[in-house]
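[1] Using only what follows, build the 3D model:
(chains A and B)
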Number of protein chains: 2
Amino acid sequence: MTTKTADSTVARQAAIREIAEAESVAYEVLLERVRQGRAVVLGGPGQAARALGIGEGLSTKVNANIGTSPDISDLDAEVAKTKAAVAAGAHTVMDLSTSANLRDVRRAVRDCCDVPLGTVPIYEAGVIATEQYGSIAAMPADLMLEVVERHAEDGVDFMTIHCGVTLASVARLRAEGRVGGIVSRGGSILAHWMLQNKAENPLYARYDEVLQICREHDVCLSLGDGLRPGALADATDRGQLEELLIIGELTERALDAGVQVIVEGPGHVPMDQIEANVAVMKRVCRGAPFYVLGPLVTDVCPGYDHIVGAIGGAICAAAGADYLCYVTPAEHLGLPTEQDVVQGVIASRIAAHAADLVKGIPGAAQWDLQMSQARRDLNWDAMTRLAIDPTRVREVRSQRASHDEQACSMCGSFCSLKRREA
Amino acid sequence: MTTKTADSTVARQAAIREIAEAESVAYEVLLERVRQGRAVVLGGPGQAARALGIGEGLSTKVNANIGTSPDISDLDAEVAKTKAAVAAGAHTVMDLSTSANLRDVRRAVRDCCDVPLGTVPIYEAGVIATEQYGSIAAMPADLMLEVVERHAEDGVDFMTIHCGVTLASVARLRAEGRVGGIVSRGGSILAHWMLQNKAENPLYARYDEVLQICREHDVCLSLGDGLRPGALADATDRGQLEELLIIGELTERALDAGVQVIVEGPGHVPMDQIEANVAVMKRVCRGAPFYVLGPLVTDVCPGYDHIVGAIGGAICAAAGADYLCYVTPAEHLGLPTEQDVVQGVIASRIAAHAADLVKGIPGAAQWDLQMSQARRDLNWDAMTRLAIDPTRVREVRSQRASHDEQACSMCGSFCSLKRREA
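    Residues are numbered from 1 along each chain as shown, chains lettered A, B, ... in the order given. Model prediction:
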C-alpha cells in the first residue's frame, strides 16, 4: 500500500494535466476550478490510484460501495466485487467494511484496483469501540481521530466524515420529527454517541484536527450527510438542511485550510425536489463537487433500487451533481452480490451518461451519434463495441437470434432500417 | 371475442364511474375531461376489457407490447408473455404480431387477459400485401382500411394508426436529413408505399373513413408517430414536429367526430428536450392523452434500455405524459422473452409511480409513506407486501439472509434503524 505525501503540488499539477487531457478541458480552466474548490483531483502520478477529476465541467463520475458486513464477511468476495465494479466502469470504490480485519480488507481492496479508494473511518471506530470498550457510546473521542489518521496513513484517497451531525442539527431533526429517522450508519453512530454522552460530535468539535490529518496526507474530505433522509416523506426537511448549512461552513474551512472537499447529498428525494437540492447545495457549499446517493425517487421498489437510483441520479446529475454513488438491486434488502455490484455500476453509468449528454460534456454526444450511425447501417459489430456493456449485448442477441443476420428477431424482414426511406 | 357496439353512452358512463372511484377523482370532473378529450376511457362493463382511464388527473398508465415476429412465431409464448405482463402490472397490452395467423394471435391475446388491447393494423396489411400482392408497395389502399375495420370488428380497444405520415411530413423529414432515418415499422411501411406509389398516405387521405370505423366500433384512435426519431441526434427535428402538427389537426377532427383519441410520442429524446416535447404536444393536440415510447435518453445502452426508458419515462410523465409504452432489455437487440417483458413492465411502472408522486395522484404518496413506516419498524412482512414486486424481494432477501432476522445482511448489528436515534 503506497502512502501519499502532503507536498504534492507538482504531482497535483501532473494529475490535473492528465485529467484535463482525458476530459478535453483546458488545463488552466481545470487548475482554476481545483483551486476554487469547484473540482477535486484524486490519485495521479506516483500514487496507487490513477488520476481522476470530479466536479464542474468534468464528466459525471460513479462510485461503487463494497465491503464486508457482520453477516457476510469474505475478503475474497469483496476483492472480486471490487474488480467487477472497476471492470464495469466504476470510477472510484469505497470500502465500507464493518467486519473482519478491517485493515486487511482495506489493503486488499487498495491493491486489487487502480481507482481512487474511499472509506468511512467511523465504521472502524464503531467496530473497535464495540469490541474493546463494549459499546458505541463508550467510544473515546480520540479513537475517532486516530482511526481517521490510520486510514490516511493507509493511503486512502478520500474519506467520508460526518462532521455536520452536530447537537444543533440532530436537535433540529428531532424537533421536526421524521418518518424514517436517521438512516446513515455513520450518522446514527454519531447521533447515538452524542446523545448518550451529552457531548458535541468530536469530528465537528475537533474539525481542525481532521483537516490537519487530511492536509498532511493529501486526503480529500467527503463531508458525509449523516442526516440524509431515508424516506421520501422526510426529503429536504429541516434536519437535512441544518446539516447542509453546517457542511457549507465546514466546506469553506476545508478550502481555507488547503484541503480538497466533496459534499455528500441525499438519499430519498421526490423528482420535483431534486433540482432544488442541487441548487441549494451548490450555493451553500461554494460550488464544491456534489456526491449523491441515488437519489431514490420512490421508496416502494426494493429489488429494483438501481433503476430508481438511475432515474434520480440522471435528473440530479443533469441539474449539476458531479458524482453518483451507485445503488444496487440489493439496496434495502441485503449485502450486494458481485452481480448486484455490476448492475449497480451500469445503472449509475447510464444515469451519468444521460446527464453528461445534456451537460455538454465533450465526447458524450459523439458516442451516441456513433451508435446511431451503427444502428442505421445495421452494423452489429460496431453496435456491440459501442454499447455500454458489450458482453450483455452478445448475450441478449445470441438468445434471440434472427434468421436474418442483418436484422434482429424483433422485426426480421419487417426491419424499418432495411427499408431506408429517409 | 366480444365485439363492442357504438351505442355505448350508458356503458361509457358506467366505465367513467368505475374509473373515477378507483382513482379517487370526482365523477363529474372525469366526465368533463373525457368530453373534452383530455382523458380517454377504454373497456368497461359489458366489454372484454375492464375499465381503464388514461389522461389528465389520472395515474400514469403502462403498456406492454407483445407479438410474434417473422423469426419467432409462437402463439403460446405470446399468450404467456401477455399473462406475465398483466401479472406484473401492465395496464394495457398491444399485440404487434407480424407473423403466424394474425387473427388467431389477436384473439388468443384478447381472451387470455382482461386489460384493454391495442393493435397496429398496418402490420397485418403489410403481411397480407407481401403474401398476396408480392410487396408492400403493391398494397391496395382499400386493404389498409379493410384491416382497420377487421381489427375493430375483433373488438380491440385501441389502434395505432399512423395518419400523420404524409407527403408533407416525409418531405420535411427528408429535406432536413436524419442520422437514424424512419425507425417506426408502421411509419416506414407507409413512407415506402407513398414514395413508391407517389401518392398520399391513404390513412390520411381517407381519415374520415378511419374515424367512421372507430366511431362505429367504439375504438379509441391512437395517432402513431411514424416519424419519431430513433436517434438522439434526430430528436425534436422538423420531420417529427411537422408530423405532430398534422396529428394536432387530426386530433381535433377525431374529437369533433366523437372518436376518442390518444397521441403517440417519441422515442429517443435527450433529457433536456423531454419537457418541451410534452408541452408542445399538449398545446398542439388540445390536451389529449400523451402516450410515449420510453423516451430513451441515450442511444448507447442496448441490453439496458428498460433502465434508459425508465429515466425518460419518469421525466416525461412528471412533465405531463399520461401513458408509457414499456421498453424491454431486449430493445434494439431482439424479440423480448417473457422475462424481458416482466422487467420492462416493472421498469415502466417505477417510472410511472415516481411521476405520480410529483403529479399529486391520490394514493401515490401514501404508498411510499407506508413503505417508509414499515422500514422504520423493520417490519419485513409489510415491506415485502408493499413492494412493487414482492416475489423479487423474497428472492433477493433469501439469497442474502442475515443472522439477525430483524435487520438485513448489509448492516446486521450495525443497522441504523435498530439504533433509532430520531
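[2] Okay, helices next: where are they in the stretch 251-400 of chain A?
    Along the stretch 251-400 of chain A, the segments classed as helices by DSSP state H, counting those that start in this stretch run A:271-284, A:305-318, A:338-359, A:364-376, A:380-386, A:390-399.
[3] So which of those helices is nearest B:Leu58?
    Go through those one by one with Cβ to Cβ and the one that ends up closest to B:Leu58 is helix A:271-284, at 18.3 Å. In this view, the C-beta of every residue, glycine as well, is placed from N, C-alpha and C.
[4] tell me what that closest one is packed against?
    With contacts defined as 3 or more Cβ pairs under 8 Å, 6 or more residues apart in numbering or on different chains; DSSP states H and E, helix A:271-284 has these neighbours: helix A:238-256, strand A:261-265, strand A:290-293, helix A:305-318, helix B:305-318, helix B:338-359.
[5] for chain A, what spans make up the strands?
    For chain A, strands defined by DSSP state E occupy the ranges A:39-42, A:52-55, A:61-66, A:92-95, A:117-119, A:158-161, A:220-223, A:261-265, A:290-293, A:323-325.
[6] could the ones you listed go into a markdown table alongside mean neighbour count?
    Conversion of the strands of chain A to a markdown table gives the following (neighbours: other Cβ atoms under 10 Å in any protein chain shown):
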| stretch | mean neighbour count |
| --- | --- |
| strand A:39-42 | 28 |
| strand A:52-55 | 25 |
| strand A:61-66 | 25 |
| strand A:92-95 | 26 |
| strand A:117-119 | 28 |
| strand A:158-161 | 27 |
| strand A:220-223 | 26 |
| strand A:261-265 | 27 |
| strand A:290-293 | 26 |
| strand A:323-325 | 27 |
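[7] show me what contacts A:Ala125?
    A:Ala125 makes contacts with A:139, A:143-144, A:147, A:189, as judged by Cβ atoms under 8 Å, 6 or more residues apart in numbering or on different chains.
[8] how about the residue lying closest to it once chain neighbours are set aside, what does it touch?
    Counting by Cβ to Cβ, 6 or more residues apart in numbering or on different chains, A:Ala125 lies nearest to A:Val147, which is 4.5 Å off, once chain neighbours are set aside. With contact set as Cβ under 8 Å, 6+ apart, A:Val147 has these partners: A:121-122, A:124-125, A:128.
[9] out of the residues you listed, who has the most neighbours?
    Of all the contacts of A:Val147, the most densely surrounded is A:Ile122 (31 neighbours; neighbours counted as other Cβ atoms under 10 Å in any protein chain shown).
[10] burial measure for the residue nearest to that one when sequence neighbours are not counted, as a count.
    The shortest distance from A:Ile122 to any residue other than its chain neighbours is 4.6 Å, reached at A:Gly186 (Cβ to Cβ, 6+ apart). Taking other Cβ under 10 Å as the neighbour definition, A:Gly186 ends up with a count of 25.
[11] Tell me the pLDDT of A:Gly186.
    A:Gly186 is assigned a predicted lDDT (pLDDT) of 95.
[12] same question, A:Ile72
    The predicted structure scores A:Ile72 at 84 on the pLDDT scale.
[13] where does chain A dip in pLDDT?
    A:1-8, A:422 (pLDDT under 70).
[14] hmm, try it at 80
    Under the criterion pLDDT under 80, the flagged ranges of chain A are A:1-8, A:100, A:401-407, A:413-414, A:419-422.
[15] Just give me the residue right at the centre of it.
    Centroid-nearest residue in chain A, with Cα atoms, centre = their mean: A:Cys325, separated by 3.1 Å.
[16] before we move on, the earlier item: could I get the strands of chain A in CSV, plus columns for distance to A:Gly181?
    Supplementary listing: the strands of chain A in CSV, determined by distance: least, Cβ to Cβ, whole Å:
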stretch, distance to A:Gly181
strand A:39-42, 31
strand A:52-55, 30
strand A:61-66, 21
strand A:92-95, 23
strand A:117-119, 25
strand A:158-161, 20
strand A:220-223, 21
strand A:261-265, 18
strand A:290-293, 16
strand A:323-325, 20
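[17] Would you mind giving those strands as CSV with distance to chain B added?
    Written out in CSV, the entries for the strands of chain A read as follows (distance: least, Cβ to the nearest Cβ, whole Å):
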stretch, distance to chain B
strand A:39-42, 22
strand A:52-55, 20
strand A:61-66, 10
strand A:92-95, 14
strand A:117-119, 15
strand A:158-161, 14
strand A:220-223, 18
strand A:261-265, 15
strand A:290-293, 13
strand A:323-325, 12
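[18] Now do the same contact list for the closest residue to chain B within the stretch 1-150 of chain A.
    Residue of the stretch 1-150 of chain A nearest chain B, by Cβ to the nearest Cβ: A:Pro70 (3.5 Å). Neighbouring residues of A:Pro70 by Cβ under 8 Å, 6+ apart: A:98-99, B:403-404, B:411-414.
[19] Mind checking which of these are buried?
    Buried subset of the contacts of A:Pro70 (neighbour count, 16 or more other Cβ atoms under 10 Å in any protein chain shown): A:98-99, B:404, B:411-414.
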